[in-house]
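Novice: here is my input, please return the structure:
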Amino acid sequence: CVVSSTTGCSLSGVSKTIREASRGGRFTTVALHCTSANQLRLFLALFAEERERATNAGTSQPKVRHLFLASARREKVTKYPLPFDQDSELQNFQRDVRILTELVAPDLYALFLLEGQRPLQETLRIPDIGTISFPLLQELHLIGGDYNFAPEYLRWLKRLQRSDGVQMPDIPIPQYPPLP
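Specialist: Residues are numbered from 1 along each chain as shown. Below is the predicted model of the structure:
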């Protein structure tokens, strides 16, 4: 099959138009099975680039509505867990998780957090993000790990589920100070 240059240009134009029209929906559902901290860093750079592109084009910002986030595997495995203040790999991963969470929290409907079953010295754990406001969050799934969420951020949930699949209408919630 031979395609003329007119047909090729037309197909290219349609492809570019479709790509631009669908840009805002590219990030509706995001799953980060962080095999390394670098995967999260790369996603953050891509997401920031798309947000900047939308701002410059005067179009709506991309919104993440459903986020699955798993702990990452360490690039440097130590024999024993390092103290937090000496563990730059963990500090950088947790900083990136907080940045991502703060960016997507205003638009998020469902959040799935998975803490891996690897030994602590091999895992970059997800930080405590329970004091970030999630105004639209309807589902929260916590799998493994010890996650804390401030009480005022749980009252709007329609579904909260722990790792064994048991619905949790009454869960122990730590007492955070009131937030501004």
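
Novice: so residue 27, which of the three states?
Specialist: coil (DSSP: H, G, I helix; E, B strand; the rest coil).

Novice: now do the contacts for residue 104.
Specialist: Shown in contact with residue 104 (Cβ atoms under 8 Å, 6 or more residues apart in numbering): 30, 63-64, 67. C-beta: built from backbone N, CA, C; applies to glycine.

Novice: what secondary structure does it sit in?
Specialist: Assignment for residue 104 (three-state DSSP): helix.

Novice: now it: how far from residue 27?
Specialist: 8 Å (Cβ to Cβ, to the nearest Å).

Novice: name the residues contacting each of these two.
Specialist: With Cβ under 8 Å, 6+ apart as the test, residue 104 and residue 27 both reach 63-64.

Novice: make a markdown table out of the contacts of residue 104 and add secondary structure.
Specialist: Shown next, in a markdown table, are the contacts of residue 104 (three-state DSSP):
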| residue | secondary structure |
| --- | --- |
| 30 | strand |
| 63 | coil |
| 64 | coil |
| 67 | strand |
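
Novice: now those: which count as buried?
Specialist: Among the contacts of residue 104, the ones that count as buried by 16 or more other Cβ atoms under 10 Å are 30, 64, 67.

Novice: you'd agree the second one is up against residue 107?
Specialist: When you say that, I think you mean residue 64. Yes. Residue 64 lies in contact with residue 107 (Cβ atoms under 8 Å); the separation is 6.3 Å.

Novice: which residues are common contacts for these two?
Specialist: Counting by Cβ under 8 Å, 6+ apart, nothing touches both residue 64 and residue 107.

Novice: next, count neighbours for residue 97.
Specialist: With neighbours defined by other Cβ atoms under 10 Å, the count for residue 97 comes to 24.

Novice: kindly report the same for residue 102.
Specialist: 12.
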